[in-house]
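Peer 1: please find the sequence and the predicted model below.
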Amino acid sequence: MKPFYLKKIVWIIAVVFFQFSSVSPAFSFSIGDEREVGEKLLYSVRSAFILKDDPDITQYFAKIGQSVLEIAGIQYFDYHFFVIEDKEFNAFAAPSGLIFFHSGLLGTMNSEDELVSVMAHEIGHIYKRHLASRIEKGTYSGIASLGLALAAVAFGGATAPVLLTGALAAGQSVNLHFSRQDEEEADLLAYGWMKKLGRDPEGQVKMLESMRRISRYRSERPPQYLLTHPDPEARLNYIQSLLDIDQENITTKTSTREDFEFFRCKYRVLANVRDTELFKNYLATVMADARATPFSKIMATYAFSQLANNEKDHSKSLELLEQVINAFPEKNILKVDKGVYEFASGKFTEAEKTLRAALRVDSSDLLAAFTLAKLLNRTGRSAEAEAYFLTISYKIPEYSQVYFELGQIANVNKQVGLEALYLGKFDLYGGKVKLAEQSLRAALRDKTLSEKNKEEVRMLLKKIELIKK
């Protein structure tokens, strides 16, 4: 078929799709069922993987996701975005609005537009309820086995030691893979949403090119993402055809945009994974490359500052960060980083001054608030610290570390039941369901626990029973 006619056909399909597209319910699998499976899968993931859920990483991914959702319109679910510490090239949209990104996938991206394209594609799968439409509950012995099948599809063998305690029939998993039609629908939705956001769909092309390259390079053992999201070559041709047809109507980003927030978040994630040697080599290559832009080199300097802080070389971390601050004096989040480094180095007076100044500029910055709260608690001001921690727990209710900190305060105040409640939440959101149940039951035995807190404990125990079914 000649390229001209191919482009015409693709354009007609796109017009028809957007004219008649709507959220199509899958009648064999209810919204309630989908939420239950999502709960089970999330806690299985928490058990099997380390989630990179620092407050600023969570805030950044939520902001990117929300920008897409505002364009997409009414949804069945509240969406939640998670970054998993794992070197595999993988992302997955699970039932009930859960979207997972592996650090290995993030490491391949070179722009925020690429991230938005994957985010929008995965939201497209949930929006169209592609997995729900493929699920026939009668095929499974129950919601639990369905959750296991879904986990096997989403993450392959990586979760097997934790999730697959019994044999899982291969026939159950195979029906949960996305079809070629599913992929085209999600790609087309992502393309349209990126246009409406004023994003450059070239980011979508770049990601598909990366997928094609990886599929060729790892043809004998393709990553799980390419097993669940098949045929990157055909998908790339499809999007390129749309892009060729629509080029004049696309509002692209300006050449001066450098994606500071994206690279800061990306390097925060990659600097905090367990194996950093390859990352260090990559950064050294950037710094030595005469063709690298000044922006690329200063962001590599930022990454080196993160690595130095993690290695407790605090003087070096602060020295490198000052170079980045001098390059971007208007970026308040770098002041937050400075406060974090100062706190880690034991410079509490300087850290408090830096963090309070950063919060005066942006009171919604949760990394600044969390670090300041830890500092206040460490220096004997637990009441003020507790207020900050509680605010963070309202904003990010599944951030496990905040409950550890609240539990310490409750321990000092001899609030036995409250301490057990916080410990239970810390374990629950850390994937340790059995330990969480023990702590929560202990909390109920404390007669001094408030009725409001007892009601929360009962609700959490019901959630645990649902997960265990």
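Peer 2: Ah, there it is.

Peer 1: for stretch 444-456, what is the average pLDDT?
Peer 2: When pLDDT is averaged over stretch 444-456, the result is 96.

Peer 1: contacts for that stretch, please.
Peer 2: Residues outside stretch 444-456 that contact it (Cβ atoms under 8 Å, 6 or more residues apart in numbering) are 415-418, 420-421, 443, 457-458. C-beta coordinates here come from the backbone N, C-alpha and C atoms, glycine included.

Peer 1: same check, this time on stretch 58-68
Peer 2: So stretch 58-68 is contacted by 79, 81-83, 99, 101, 112, 115-116, 119-120, 123, 193, 197, 261, 265, 365-367, 396, 399 (Cβ under 8 Å, 6+ apart).

Peer 1: hey, C-alpha coordinates of that stretch in CSV?
Peer 2: Output in CSV follows, covering the C-alpha atoms of stretch 58-68 (Å, rounded to 0.1, in the frame of the first residue of the first chain):
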residue,chain,number,x,y,z
THR,A,58,5.4,10.9,44.5
GLN,A,59,4.4,14.6,44.0
TYR,A,60,6.1,14.8,40.7
PHE,A,61,4.6,11.7,39.2
ALA,A,62,1.2,12.6,40.6
LYS,A,63,1.4,16.0,39.0
ILE,A,64,2.3,14.5,35.5
GLY,A,65,-0.4,12.0,35.8
GLN,A,66,-3.0,14.6,36.9
SER,A,67,-2.2,16.7,33.9
VAL,A,68,-3.2,13.8,31.6
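
Peer 1: what comes up buried for it?
Peer 2: Neighbour counts using 16 or more other Cβ atoms under 10 Å place 58-62, 64-65, 67-68 of stretch 58-68 among the buried residues.

Peer 1: do stretch 434-444 as well
Peer 2: Those buried within stretch 434-444 under the rule 16+ other Cβ under 10 Å are 436-437, 439-440, 442-444.

Peer 1: please apply the same query to stretch 411-423.
Peer 2: 415-423.

Peer 1: please enumerate the strands of this protein.
Peer 2: Assigned by DSSP state E, the chain shows strands spanning 50-51, 80-85, 91-94, 98-102.

Peer 1: what lines up beside the second one in the sheet?
Peer 2: Its sheet considered, strand 80-85 pairs with strand 50-51 (antiparallel), strand 98-102 (parallel) by DSSP bridges.

Peer 1: returning to that earlier point: most packed of the strands of the chain?
Peer 2: strand 91-94 (a mean of 25; mean count of other Cβ atoms under 10 Å).

Peer 1: what about that strand, distance to the chain center?
Peer 2: In terms of Cα atoms, centre = their mean, to the nearest Å, the centre of strand 91-94 is found 10 Å from the chain centre.

Peer 1: for stretch 48-59, same thing?
Peer 2: 7 Å.

Peer 1: how is this structure carved up into domains?
Peer 2: 6-249, 399-469 (automatic domain parsing).

Peer 1: would JSON lines of those domains with distance to Leu359 be doable?
Peer 2: Output for these, formatted as JSON lines (distance: least, Cβ to Cβ, whole Å):
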{"stretch": "domain 6-249", "distance to Leu359": "13"}
{"stretch": "domain 399-469", "distance to Leu359": "17"}
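
Peer 1: can you flag the weakest of those by average pLDDT?
Peer 2: domain 6-249 (a mean of 75).

Peer 1: touching, Val116 and Gly198? I think so.
Peer 2: No. Checked against Cβ atoms under 8 Å, the pair Val116 and Gly198 is beyond contact range at 10.6 Å.

Peer 1: neighbour count winner among those two?
Peer 2: Taking other Cβ atoms under 10 Å, Val116 and Gly198 do not tie; Val116 has more neighbours (26 against 10).

Peer 1: how close does the more buried one get to Tyr79?
Peer 2: Distance of Val116 to Tyr79, given as Cβ to Cβ, to the nearest Å: 14 Å.

Peer 1: how about the helices in the stretch 301-450 of the chain?
Peer 2: Listed in chain order, the helices of the stretch 301-450 of the chain (DSSP state H, counting those that start in this stretch) span 314-327, 332-344, 348-361, 366-378, 382-395, 400-412, 416-428, 433-444.

Peer 1: what's in contact with the fifth one?
Peer 2: For helix 382-395, the external contacting residues (Cβ under 8 Å, 6+ apart) are 55, 366, 369-370, 372-377, 399, 402-403, 405-406, 409, 412-413.

Peer 1: just the buried residues of those.
Peer 2: Counted by 16+ other Cβ under 10 Å, the contacts of helix 382-395 give 55, 366, 369-370, 372-377, 399, 402-403, 405-406, 409 as buried.

Peer 1: below-threshold pLDDT in the stretch 251-400 of the chain: ranges please.
Peer 2: 251-257 (pLDDT under 70).

Peer 1: show me the one of the domains of the chain that comes nearest Leu355.
Peer 2: When these are compared for distance to Leu355 using Cβ to Cβ, the nearest one is domain 6-249, at 12.8 Å.

Peer 1: chain neighbours aside, what residue packs nearest to the most centrally placed residue in the chain?
Peer 2: In the chain, the residue lying closest to the centroid (Cα atoms, centre = their mean) is Phe82, at 2.6 Å. Distance criterion Cβ to Cβ, 6 or more residues apart in numbering; nearest residue to Phe82, sequence neighbours excluded, is Phe100 at 5.0 Å.

Peer 1: might you report the residue contacts of Cys355?
Peer 2: Slight slip there: residue 355 is Leu, not Cys. 336, 339, 343, 368, 371-372, 375.

Peer 1: tell me the one of those residues nearest Thr354?
Peer 2: Among the contacts of Leu355, and counting by Cβ to Cβ, the member closest to Thr354 is Gly339, at 3.8 Å.

Peer 1: so that closest one versus Lys331, what's the distance?
Peer 2: 13 Å.

Peer 1: skipping its backbone neighbours, what lies nearest Arg212 in space?
Peer 2: That would be Pro232: by Cβ to Cβ, 6+ apart, it lies 4.5 Å from Arg212.

Peer 1: look at that neighbour and say how many residues are nearby.
Peer 2: Neighbour count of Pro232, defined by other Cβ under 10 Å: 22.

Peer 1: got a list of what it touches?
Peer 2: Counting by Cβ under 8 Å, 6+ apart, Pro232 has contacts 208, 211-212, 215, 226.
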